[in-house]
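Asker: task: produce atomic coordinates for the following.
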Amino acid sequence: MATITNLIMPTPASDHLRPFDVRRDLRPTADLVELCFADTLDPDGERYLRQMRSAANSAGLLRWAAATAEWASVPLTGYVWEEDGQLVGNVSLITFTLHGRRNYLIANVAVHPDFRRRGIARGLTQRAIEHARQRGAQSTWLHVREENDAAISLYRSLGYNERARRTTWFSRPGIPLDSPPADVTVGPRRARFWQTQKNWLKYHYPPELTWHLPINLNSLRPGITGFLYRILTGAVINQWAAQRGDRLSGVLSWQATRTYADTLWLASSPQEEDTAAFSLLLHARQHLSPRRPLSLDYPAHHANEAIQAAGFRVHQTLIWMEREFRR
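Answerer: Below you'll find the predicted structure:
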């Protein structure tokens, strides 16, 4: 037990490390996260930071948040690193349930540029790991930008293993004038395609990686069940299928949102992934309103050229890593 504790507990300078206090740390944490991640913030991220700052001015909301932080699915739990009254480091903990077991996502690991290379990120991450272990979590997850070699090396040294890479794409201005291959037809999704589409969706969007995304298979289901679910939840969905002859190549689902970009879910045959991606995404670009940006989350390095040719650009690629706890 002593060996495990020594491995996980923070660095010797842990007198600078304390639990996140939503009543005093919300605003400086928002400032720190913006400083550290400015180059990857999309409009939704910028709006979220504004909401954090706004919440910092609401005494009632802060009291509620302080009481429910441990169980909320938003980053209200975590730890900060403070030196001379300045908050210079942060780590957030977000709980989620997977296969009936409690897990934690370690997020927003941020250190002020003037305080880096001093072990602060390691100390914060170690404390977050211990927090999750003490509460009986099955594992902790985190994601890191593909190009952040220093952070990847740190997390591997703390026992994290890579599980997947995901790329977020956004539509570019202007609509491509290309056409899909002559032997591919794109039309409405048919009910008979559902079982195949569902299997492909589960492959491309596994729950351990996409629990935070607004994808719900019930909203995509055909027939009266899906219709009633969409009515009850207010989901606005449109779906198209790409076929080569009688063979299904892929299905694309469009979901309206109230955020910066509407969402696309791409389910395709592994053997015809490039053709399906290009044909379906091009069809969506040409038939949806150009005033609304489109967002696609998809396995990294899959159909890259096809997605780009359909008028999309890479926003970022994240490596998802997991550290399991032995029982």
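
Asker: what pLDDT is listed against Thr125?
Answerer: Looking at Thr125, its pLDDT reads 97.

Asker: now Thr3
Answerer: Thr3 is given a pLDDT of 33.

Asker: now do Ile120
Answerer: pLDDT, read off for Ile120, is 96.

Asker: quick one, what contacts it?
Answerer: His16, Trp81, Val88, Gly89, Val111 (Cβ atoms under 8 Å, 6 or more residues apart in numbering). Placement of C-beta: from N, CA and C, glycine included.

Asker: and if you look at Val111?
Answerer: Cys36, Trp81, Val88, Gly89, Ile120, Ala121, Leu124.

Asker: in strands, which of those residues appear?
Answerer: Judged by DSSP state E, the contacts of Val111 include Trp81, Val88, Gly89 as members of strands.

Asker: with distance to Ala132 added, can I get the residues you listed in JSON lines?
Answerer: Formatted as JSON lines, the ones in strands among the contacts of Val111 follow (distance: Cβ to Cβ, whole Å):
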{"residue": "Trp81", "distance to Ala132": "18"}
{"residue": "Val88", "distance to Ala132": "23"}
{"residue": "Gly89", "distance to Ala132": "18"}
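
Asker: which residue is nearest the middle of the chain?
Answerer: Central residue of the chain (Cα atoms, centre = their mean): His212, 5.8 Å from the mean position.

Asker: right, and it touches Phe96 too?
Answerer: Yes: counting by Cβ atoms under 8 Å, His212 touches Phe96, with 7.4 Å between them.

Asker: what's the overlap in contacts for these two?
Answerer: Leu105.

Asker: re the thing from before, name the member of the contacts of Ile120 with the most neighbours.
Answerer: The residue in those with the most neighbours, by other Cβ atoms under 10 Å, is Trp81 (28 neighbours).

Asker: how about the strands in this protein?
Answerer: 17-19, 77-83, 86-98, 101-111, 139-145, 161-171, 184-188, 237-244, 247-255, 262-268, 294-299, 312-324.

Asker: I'd like to know which of these is closest to Asn218.
Answerer: strand 237-244 (10.6 Å; Cβ to Cβ).

Asker: name every strand pairing with the closest one and say which way it goes.
Answerer: strand 184-188 (antiparallel), strand 247-255 (antiparallel) (DSSP bridges).

Asker: so the nearest residue to Tyr160 once chain neighbours are set aside versus Glu162, what's the distance?
Answerer: Leaving aside its chain neighbours, Tyr160 sits nearest to Met321 (4.0 Å; criterion: Cβ to Cβ, 6 or more residues apart in numbering). Separation of Met321 from Glu162 (Cβ to Cβ, to the nearest Å) stands at 5 Å.
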